[in-house]
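my questions concern the predicted model and sequence given below.
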Amino acid sequence: MRLTRVYVQASLEPGASFELPADTGAHVARVLRARAGDALILFDGSGREFDGEVESVRGTRVGVAVGPARSVDRESPLAVTLVQCVPRGDRMDFIVQKATELGVARIVPVLSQRGVVRLDARQAESKAAHWRGVVASACEQCGRNRLPSVDEPRPLLDFLGSSDTAASAAAPDGAVSRCLPARLLFEPDSEARNSDWRIAGSVEIAIGPEGGFSPEEIDAFGLVGFERIGLGPRVLRTETAAIAAIAWLQARFGDMR
């Protein structure tokens, strides 16, 4: 029987006992109907997972004991950074969840000129916190013991003009083969195809909004080393494109081979 996995946003050590956070405790008690003596797997994002046991359940207050630890690495050898234009509605939740399951290392939400989503600083902080919760839940489900990072949403041109992005373009990652750039811009009308490319180590991929990137944004991508690539003859929705691109990369160059 598969044991319930619970993410704890605190450093865990064997032999410790503590009470689960309120939201987590409510889920364990009410949804999973846990009882004292039930076994759990606990993880804190450090790469280890721990045997755990429910010690007490009082309403939604759940006490757990931490058992032995073990290092379990389920991370892909290909570190994928997803630069994703934030779509309207709850589709970003879906993208974040599936990208986490597919093994991305970092998610960078961006706001593009043709995108319909606009966020002020407070809303951006709140959205990032929400998506980090989606990441944690996805890691509980898929078995990852390290959580991919989620940046706060920011304008696309701000991201492309940031010092780390520009520096990376000037000095590409040495682990990336000469046959494939470290940065890929997925565009439906691109003639570039992927048949002969090779990659190792890390890659950044960019997925546009519902209305596509503006010409100014496409030019900006080119200035920092992104190469345009297509995903076939059909125009994909933004959430479909993100999942298709990550799955292709992991199947060709990651741990889904």
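Nice, thanks for sending it over.

my guess is Ala99 meets Pro148, correct?
Yes. In this structure, Ala99 is within contact of Pro148 by CB atoms under 8 Å, at 7.4 Å. For glycine as for every other residue, the C-beta is placed from the backbone atoms N, C-alpha and C.

what is in contact with these two at once?
Shared contacts of Ala99 and Pro148, defined by CB atoms under 8 Å, 6 or more residues apart in numbering, comprise Ile107.

same drill for these two, tell me which one is more crowded.
Between Ala99 and Pro148, Ala99 has the larger neighbour count (other CB atoms under 10 Å), namely 27 against 22.

and the gap between the more buried one and Gly115?
18 Å (CB to CB, to the nearest Å).

let me see the ranges of the strands in the protein.
Remark: strands assigned in the chain by DSSP state E are 4-7, 17-19, 39-43, 48-58, 61-71, 79-85, 106-111, 149-150, 154-155, 183-186, 202-207, 227-229.

could you tell me the angle between the third one and strand 48-58?
Using axes from the mean of the first three to the mean of the last three CA atoms, to 10 degrees, one finds that strand 39-43 and strand 48-58 are set 130 degrees apart in direction.

what about the helices in the chain?
22-26, 91-101, 121-142, 156-160, 163-170, 215-223, 238-253 (DSSP state H).

contacts only, for Ala124.
Neighbouring residues of Ala124 by CB under 8 Å, 6+ apart: 152-154.

contact partners for the nearest residue to Gly208 once chain neighbours are set aside?
Here the nearest residue to Gly208 in space, its sequence neighbours aside, is Cys85; by CB to CB, 6 or more residues apart in numbering that works out to 5.4 Å. Shown in contact with Cys85 (CB under 8 Å, 6+ apart): 109-112, 115, 156, 207-209, 213, 238.

need the max-distance pair from these.
The most widely separated members of the contacts of Cys85, counting by CB to CB, are Pro109 and Phe213 (15.0 Å).

more crowded one of those two?
Neighbours per residue (other CB under 10 Å) separate Pro109 from Phe213, with Pro109 holding more: 26 against 23.

and that one, what are its bridge partners?
For Pro109, the beta-bridge partners under DSSP bridges are Gln84.

good, wrapping up.
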